[in-house]
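Novice: Dropping the sequence and predicted coords here.
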Amino acid sequence: MEIQKGAIVKSVAGHDKDRFYLVVKIEGKRAYIADGKRRKIGCPKPKNFLHIKTTNKLVDLANYRTDKSLRLLLHSYNYKDQETPEN
């Protein structure tokens, strides 16, 4: 699958390796990614396409406008061994 806005991606290089993010913007050969915790939606991290791997999941960005909703979306990806939070 091609990297595009709304895709859930996994970082494969850098200090954030093996973490999942949501692509909020594409510019040139960089994807701007956010997770709602370390990288907020208002200040996404630029990441080279070579350093991320796409999943088969694509979401509508309009449904994830807050950092909390983004954290809840990515929780099941980043913490597979733990239960989903109630709040």
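Specialist: Structure received.
Novice: Could you count how many residues lie near Val23?
Specialist: 23 (other CB atoms under 10 Å). Bear in mind the C-beta positions are built from the backbone N, C-alpha and C, glycine included.
Novice: what is it paired to in the beta sheet?
Specialist: Ile33 (DSSP bridges).
Novice: just wondering, since we're on the residue positioned nearest the centre of the chain, how far is it from Asn78?
Specialist: In the chain, the residue lying closest to the centroid (CA atoms, centre = their mean) is Tyr21, at 1.5 Å. In this view, Tyr21 and Asn78 are 9 Å apart by CB to CB, to the nearest Å.
Novice: Now do the shared contacts for those two.
Specialist: Asp35 (CB atoms under 8 Å, 6 or more residues apart in numbering).
Novice: on that earlier part again, confidence score at the residue nearest to the centre of the chain?
Specialist: The per-residue pLDDT reported for Tyr21 equals 97.
Novice: hang on, it packs against Ala7?
Specialist: No: using CB atoms under 8 Å, Tyr21 makes no contact with Ala7, being 9.3 Å away.
Novice: which residues of this structure score low on pLDDT?
Specialist: Applying pLDDT under 70 to the chain flags residues 81-87.
Novice: hey, where'd the helices end up in this structure?
Specialist: Secondary structure of the chain (DSSP state H): helices located at 67-78.
Novice: any chance you could map the strands in it?
Specialist: 7-11, 20-27, 30-34, 45-48, 52-58 (DSSP state E).
Novice: Out of those, which is closest to Arg65?
Specialist: strand 20-27 (10.3 Å; CB to CB).
Novice: Cheers, nothing more for now.
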